Structures are given as structure tokens and as C-alpha cells.
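>>> When you get a sec, could you give me coordinates for this:
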Amino acid sequence: MSAIFPVTRMRRLRRSVALRDLVRETTVSTNDLIQPIFVEEEIDSPIPIPTMPGISRIPEQHLAAEIEALARLGLKSVMLFGISHHKDHCGSDTWNPDGLVARMLRTAKHAVPDMVVIPDICFCEYTDHGHCGVLDQGHVANDATLANLVKQAVVAAESGADILAPSGMMDGQVQAIRAGLDKAGFLEIPIMAYASKFESALYGPFRVASECTLQGNRKTYQLDPMNGRAALREALLDEAEGADFLMVKPGTLYLDVLHQLRQRTLLPLAAYQVGGEYAMIKFAALSGALDERSTVLETLGAFKRAGADLIVSYFARDVARCLDGRA
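Below is the predicted model of the structure:
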């Protein structure tokens, strides 16, 4: 061994907690996190979701208290998913000014006006067939769905939405929604596009949570999990159409797409840690195979390293407690 070896000792910067904190490259804070909430109408008590331990569908009348509790933890943004009891073939309740989407938004904004409230702009929870749009001979009709998305988006904006998150993966949806919002006078409402949303096996727990009984599959409009280049094309098209944020969903299995997209855009990027990702960690932790806290923080750090600015995660509440020293 040389007398001067080692010249560079990487461990110098790891020898104490204070030093490690000083040189930490990636951090996660409550500013980065968005908590999804499942809100069900016409129920009186929370309904636990068996595929997502620790997560429940909450009654509509509990939403205000839920928003207030999240705000006390320091969380600043929520994403709302409605569990409708008024489904039809086209999801018309979503553009009813007195429907569940509008009521949820008004309640959330009244409870905590400073909370950034993001409705999921889609139809799967509101259609009797579970698809994200209008069916024509068994297939989702893209352009007919766009017209309904615009109506839903405008009602959501009128009801107080801070950001709109269209998730249906319809061609041209960002452009159509942007034009509709501008025409209605909502020029300042940003769009968070589910720009690279894959037809993933990891959505199973969400479908249980949202009571979305799907007839068929979404292979004709969601991305093939094997196609990374197509995902980048989808995202860049959404940017060209006027999206203000781009999202990659799911997160963990598509870090490569997230990282490549970060190299191609200056827009804020979001990663969605979906129900299957949550369930894998939660059930592994419950079995004693993993430490939940460490694993969750490690996965969130991976999203940030890959390029995400924001993370939609069912763990957001727990992480906020952790960061606040309550867990």
C-alpha cells in the first residue's frame, strides 16, 4: 500500500450525524408531498381498504376535519378522489355543480383555504363501466371524452380547485382543458398532467379503494409498460399543449422514465407512488420483512434523485408525522 493511500477518504463526510446531514444531497419535506384522499358519499363512517392497510374511504362529512388534520401536520396539498353513488354511462355527476366533485372541492377549500386542492379529473370512479371516458361499441371514444373532460374541469375550477389533474390519458386532453378553462375565464388554473401513465399491475389496490369495477382493460389508452420512448413523447406533447406540471405514474418501476424526462423538460415533475407500491411496503412491514419508515423515506428519496419535485403518496401523512417528530 502506498504511503499516501488513501488520499481521498470518502468516509470523512460520513463519520457523524451532523456531517452526514450537512452534505445530504436530497431531502424530502412536507412541501414535496401530496396526500390522496378517498371521499365516499352517503356513508356515515370510514371504510377501511383491505388492500391498503391504514387507508380508508372517508365519509363526505368527515372531509373538512381530514383537511384540517393534514394541515396541522404541515401538509400543503391534497388530491381528491370521489367514490360516487351516482354512476352512469358517461360520468355526468362530475360536471354537476352540485355533484360530488364540486362538493368535495368546496368543502376542502372552506376548511383550509390555503391548502392546495387538486381534484382527479377523470371518469372511472363515476361511470358504471369503470372506464375513463365515453364508450362507443366497447371502446373509449377519445374526442367525445374530451368534451366531457372540459365540462368537468370548468366545474372543478368554479368550485375552487387550485390545480387540475387530468388522468385519463386521452389524446389532446391538456389542450382541450386549457382551451375550456381559458374560455371560462380560468386562465390562472394550472394543469398537472398525468403525462406518462402506464397500464400497470400496481393499480389493483386503487381500484378496490375507488370501487372502480372495470369492464375490460385500459390498454388502448394507458401506456404499455414496456415503452419508455412513448412515455417521453406523451409527456412532451402534454407540455406542448400547455401543461404546467408533468406526472409519471407509477413511480418506483418507472424511475428511468422520470429521470429521462427530467433531462428534457424544465417543468415541475411529479411522481405518483401508487396503491400497489404502498401495499408492497405496508404488507412487507406488517410481516416484519422491512422497516416501514426507512423504506418509505428511501423510496421518496429515489423519486427526488430521479428528478421529481413533487410526490403523490399514500404515505404522505405518515411521513409528515415522522418529519414533525411525532412518529
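>>> Please, which helix or strand holds the residue lying closest to Gly172 once chain neighbours are set aside?
Spatial nearest neighbour of Gly172, excluding adjacent residues (Cβ to Cβ, 6 or more residues apart in numbering): Leu146 at 6.0 Å. In this view, the C-beta of every residue, glycine as well, is placed from N, C-alpha and C. Using DSSP states H and E, Leu146 falls within helix 142-158.
>>> For the residue nearest to Gly172, give me its contacts.
Residues near Leu146 by Cβ atoms under 8 Å, 6 or more residues apart in numbering: Met170, Gly172, Gln173, Ala176.
>>> hmm, which two among those are most spread apart?
Greatest spacing in the contacts of Leu146, by Cβ to Cβ: Met170 and Ala176 (8.1 Å).
>>> Adjacent strands (with direction) for the next helix or strand after the helix holding Leu146?
Counting by DSSP H and E, the next helix or strand C-terminal to helix 142-158 is strand 165-166. Sheet pairing of strand 165-166 (DSSP bridges) gives strand 116-121 (parallel).
>>> Strand partners (parallel or antiparallel) of whichever helix or strand comes after the partner strand?
Per DSSP H and E, the first helix or strand lying C-terminal to strand 116-121 is strand 135-136. Next to strand 135-136 in the sheet, as set by DSSP bridges, lie strand 139-140 (antiparallel).
>>> Mean confidence (pLDDT) on the partner strand, please.
Taken as a whole, strand 139-140 has a mean pLDDT of 88.
>>> same deal with stretch 90-106?
97.
>>> And stretch 235-249, by the same measure?
For stretch 235-249, the mean confidence score works out to 98.
>>> Same check on stretch 297-310?
98.
>>> in the stretch 1-150 of the chain, which spans are helices?
Here the stretch 1-150 of the chain has its helices, by DSSP state H, counting those that start in this stretch, at 17-22, 63-72, 100-111, 142-158.
>>> how much space is there between the closest residue to Leu70 other than its chain neighbours and Asn96?
Counting by Cβ to Cβ, 6+ apart, Leu70 lies nearest to Gln35, which is 5.7 Å off, once chain neighbours are set aside. In this view, Gln35 and Asn96 are 25 Å apart by Cβ to Cβ, to the nearest Å.
>>> same deal with Arg20?
Distance of Arg20 to Asn96, computed by Cβ to Cβ: 53 Å.
>>> So the two - more neighbours on which side?
Taking neighbours as other Cβ atoms under 10 Å, Arg20 and Asn96 compare with Asn96 leading, 16 against 11.
>>> Nearest residue to the more buried one in space, ignoring adjacent ones along the chain?
Nearest residue to Asn96, sequence neighbours excluded (Cβ to Cβ, 6+ apart): Ala102, at 6.8 Å.
>>> Around the one you found, how many other residues sit close by?
Neighbours of Ala102 under the rule other Cβ under 10 Å: 23.
>>> now the one 10 residues further on
Other residues near Val112 number 19, with proximity taken as other Cβ under 10 Å.
>>> sorry, back to before: the residue nearest to Asn96 contacts Ala153, doesn't it?
No: Ala102 lies out of contact with Ala153 (Cβ atoms under 8 Å); the separation is 11.8 Å.
>>> Val17: neighbour count?
8.
>>> what separates it from Ser29, distance-wise?
Separation of Val17 from Ser29 (Cβ to Cβ): 18 Å.
>>> Output the lowest mean pLDDT helix or strand found in this protein.
Of all helical and strand segments in the chain, the minimum by mean pLDDT, DSSP states H and E falls on helix 204-209, at a mean of 82.
>>> Outside of the helix or strand that that one is followed by itself, list whatever touches it.
Of the helices and strands lying after helix 204-209 in sequence (DSSP H and E), the nearest is helix 228-241. Contacting residues not belonging to helix 228-241 are listed as 169, 172, 174-175, 178, 193, 195-196, 198, 223-224, 246, 248, 254, 256-257, 260-261, 264-265, 267 [Cβ under 8 Å, 6+ apart].
>>> Got a PyMOL select line for the buried ones in these?
PyMOL command restricting these to the buried ones, with burial defined by 16 or more other Cβ atoms under 10 Å:
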select buried, resi 169+172+174+175+178+193+195+196+198+223+246+248+254+257+260+261+265+267
